[in-house]
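**Student:** structural data only, the sequence is not supplied:
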């Protein structure tokens, strides 16, 4: 049996189950991408694929899902730091711990409300430390275009932080039965 025939057999036998696993972990669209990448790895390493192939394939899919989550959480954390920097004006004064926690939560909520393109742009500059010229190269645009996009993304982030900060905190029921607003000291 040739490697191509073996791959075809493994693919036909295992594709639905690998897709089901990936979809259960990350949703349909991303699950299809993970499944595709899993079988790309299998094709490249067909000599290493044991019999039965399913456990090995699920292990590859699991590693790909973990890598995706790691990248996403890292990008989110970087953008959150940029949002917090903007919302606090990058001041150096010592803040009350509760205020810092509240500000960080507001920054995270504001960041989550931005588009993926805005989050990516902000993180390239703030977290990865790229210059506008380098970030423009990464995003495939001119430096001038990137500068305009960055300016607009920062303004959207500022407005989002203001909107989150201005919205009332949800009510929280205390142990004594009274209701307080989250973040308020009782």
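**Tutor:** Received, thanks. Every value quoted in this text rests on a predicted model; they were computed, and no experiment measured them.

**Student:** so how many other residues sit close to residue 56?
**Tutor:** Each residue near residue 56 was counted by other C-beta atoms under 10 Å, and the total is 19. Glycine gets a C-beta too; all of them are placed from N, C-alpha and C.

**Student:** so it versus residue 80, what's the distance?
**Tutor:** Per C-beta to C-beta, to the nearest Å, residue 56 is found 36 Å from residue 80.

**Student:** check residue 160 too.
**Tutor:** From residue 160 to residue 80 the distance is 12 Å (C-beta to C-beta).

**Student:** what sits in contact with each of the two?
**Tutor:** Shared contacts of residue 160 and residue 80, defined by C-beta atoms under 8 Å, 6 or more residues apart in numbering, are found at residue 111.

**Student:** give me the below-cutoff pLDDT ranges for the chain.
**Tutor:** Applying pLDDT under 70 to the chain flags the ranges 87-102, 127-128, 168-186.

**Student:** residue 129 in helix, strand or coil?
**Tutor:** Following DSSP: H, G, I helix; E, B strand; the rest coil, the label given to residue 129 is coil.

**Student:** host element of the one residue sitting closest to the centre of the chain?
**Tutor:** Nearest to the mean C-alpha position of the chain, counting by C-alpha atoms, centre = their mean, stands residue 72 at 2.6 Å. Using DSSP states H and E, residue 72 sits in helix 54-88.
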